[in-house]
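Visitor: A predicted structure for the sequence below; I have some questions about it.
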There are 2 protein chains.
Amino acid sequence: MDFSIGELARRTGVKVPTIRYYEQIGLLLPPPRTEGQQRRYDKKGMARLAFIRHARELGFDIEAIRALLSLQDNPNQSCSVADQIASARLDEVEARIARLSSLRTELQRMLAECACGRVAECRVIETLADNSHQHGQLDEKHAGS
Amino acid sequence: MDFSIGELARRTGVKVPTIRYYEQIGLLLPPPRTEGQQRRYDKKGMARLAFIRHARELGFDIEAIRALLSLQDNPNQSCSVADQIASARLDEVEARIARLSSLRTELQRMLAECACGRVAECRVIETLADNSHQHGQLDEKHAGS
DNA sequence: CTTAATCCCTATAGTGTCTAGAGGTTCAAG
DNA sequence: CTTGAACCTCTAGACACTATAGGGATTAAG
């Protein structure tokens, strides 16, 4: 009914050192140990790790996950905070898609020219170098693998 | 017509030490200096930096940006080289768009289904806690801030 | 022309999120 | 009871910044 860190890694797809790292930074609670100091996990620990992994996949940063976990831990409060976190993330994702789409168009244009044997006149910089940018925070800095 | 590093930082939203860092790693060419060794930038340098910033926001890593800039820097290089770089980047862009689109879908669904009541019924939390997900690779590792 | 405030310089060290390695210990299969 | 895979801690490295220290340059006011 309980299993080692390697088994947990296999079941969740999170690497062993990463699991230890999450424990170190307090995302995972220290699990019980065997006599020989090896970690033993149960279903609950596994669910928590799966939650973290899924959230990381969606691009939430560690602090956002910490917040989401604390909501999960006391489920009697309103979920508007969770909503807020998720919709902020959605906004980011949508903005990103829009920009990537215009970059895609430009790269396609350059490739099309190239195919015609013309020396591509590269406008990648102009594509993204619009000065109508907002100086918001850059994010997704640390989306994990 | 030319301006200091601080002014450039203000205009592009890239922090001063980051600009110096980009110069150090060769993404930005060393600009001319004043008598007193202070950097002076012009419009062209600014466009290049704005481009780098946007590309980082979109999640390109430094090496990818180096490749994109090299398209810009030597427009006379053989079409096949440019083609290779551009199409590799295009693949990356399209993969990124696909990934973000599915994130968007999932985030939208999470939010739509959340009646915004107690956390206990919160779809956002529930969706993340759902352990029936596949163990795909995490990506977007180097999305910029 | 002096002075003070503000900016800039280099160099080094620290951050977050992992990931990899060394060197040693524990566990489970046989 | 032996052996080999898996575990342990600790340290260091990768990436892309970010902050700090200690000092010099530039600019606006007086």
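Guide: Thanks, I have it. Residues are numbered from 1 along each chain as shown, chains lettered A, B, ... in the order given.
Visitor: low-confidence ranges in chain A?
Guide: A:75-76, A:113-122, A:124-145 (pLDDT under 70).
Visitor: Point to the residue nearest the middle of chain A.
Guide: Centroid-nearest residue in chain A, with C-alpha atoms, centre = their mean: residue A:59, separated by 2.5 Å.
Visitor: Could you check how far that residue is from residue B:103?
Guide: To residue B:103, residue A:59 is 6 Å away according to C-beta to C-beta, to the nearest Å. In short, each C-beta sits where N, CA and C put it, glycine included.
Visitor: Find residues that contact each of the two.
Guide: Common neighbours of residue A:59 and residue B:103, using C-beta atoms under 8 Å, 6 or more residues apart in numbering or on different chains, are residue A:93.
Visitor: Is the longest helix along chain A in proximity to DNA strand C?
Guide: In chain A, with assignment by DSSP state H, the single longest helix is helix A:80-115. No - using C-beta under 7 Å from any atom of the strand, helix A:80-115 stays clear of DNA strand C, with a minimum separation of 13.8 Å.
Visitor: for that helix, the distance to its chain's centre please.
Guide: 16 Å (C-alpha atoms, centre = their mean, to the nearest Å).
Visitor: mind checking the SS state of the residue nearest to the centre of chain A?
Guide: At residue A:59 the chain is in coil, as set by DSSP: H, G, I helix; E, B strand; the rest coil.
Visitor: can I assume it is in contact with residue B:102?
Guide: No - between residue A:59 and residue B:102 there is no contact under C-beta atoms under 8 Å: 11.5 Å.
Visitor: Surely residue A:23 touches residue A:17?
Guide: No - here residue A:23 does not reach residue A:17: they are 10.7 Å apart, not a contact under C-beta under 8 Å.
Visitor: and the two? which has more neighbours close in?
Guide: Legend: neighbour count by other C-beta atoms under 10 Å in any protein chain shown for residue A:23 and residue A:17, higher for residue A:23 (17 against 10).
Visitor: Name the nearest residue to that one, sequence neighbours excluded.
Guide: In this structure, residue A:23 finds its nearest non-sequential neighbour in residue A:30, 5.9 Å apart by C-beta to C-beta, 6 or more residues apart in numbering or on different chains.
Visitor: Next, count neighbours for the one you found.
Guide: 9.
Visitor: Wasn't it part of a helix?
Guide: No - checked against three-state DSSP, residue A:30 lies outside a helix; its state is coil.
Visitor: how close does it sit to residue A:20?
Guide: 10 Å.
Visitor: Isn't residue A:27 up against residue A:68?
Guide: No - Residue A:27 is beyond contact range of residue A:68, at 10.6 Å (criterion: C-beta under 8 Å).
Visitor: the more surrounded of these two?
Guide: residue A:68 (24 against 17).
Visitor: so how far is residue A:5 from the more buried one?
Guide: Taken as C-beta to C-beta, the span from residue A:68 to residue A:5 is 23 Å.
Visitor: again with residue A:123
Guide: 51 Å.
Visitor: The two: which is more packed in?
Guide: Shown here are residue A:123 and residue A:5; by other C-beta under 10 Å, residue A:5 has more neighbours (18 against 14).
Visitor: Tell me how many other residues surround residue A:80.
Guide: Count around residue A:80 with other C-beta under 10 Å applied: 13.
Visitor: What about the closest residue to residue A:34 other than its chain neighbours, how many residues nearby?
Guide: Leaving aside its chain neighbours, residue A:34 sits nearest to residue A:40 (6.1 Å; criterion: C-beta to C-beta, 6+ apart). With neighbours defined by other C-beta under 10 Å, the count for residue A:40 comes to 16.
Visitor: do residue A:37 as well
Guide: Other residues within reach of residue A:37, judged by other C-beta under 10 Å, total 6.
Visitor: so which helix or strand takes in it?
Guide: Counting by DSSP states H and E, no helix or strand carries residue A:37.
Visitor: For residue A:41, give me the backbone phi and psi.
Guide: With angles defined as degrees, to the nearest 10, residue A:41 sits at phi -110, psi 160.
Visitor: give me the element the residue nearest to it when sequence neighbours are not counted is part of.
Guide: Spatial nearest neighbour of residue A:41, chain neighbours left out: residue A:8 (4.8 Å); criterion: C-beta to C-beta, 6+ apart. Using DSSP H and E, residue A:8 falls within helix A:5-12.
Visitor: Quickly check: that helix near DNA strand D or not.
Guide: Yes - with C-beta under 7 Å from any atom of the strand as the criterion, DNA strand D is reached by helix A:5-12 at A:5, A:6, A:7, A:9.
Visitor: Could you give the separation of that helix from the chain centroid?
Guide: Relative to where its chain is centred, helix A:5-12 has its mean C-alpha point 20 Å off (C-alpha atoms, centre = their mean).
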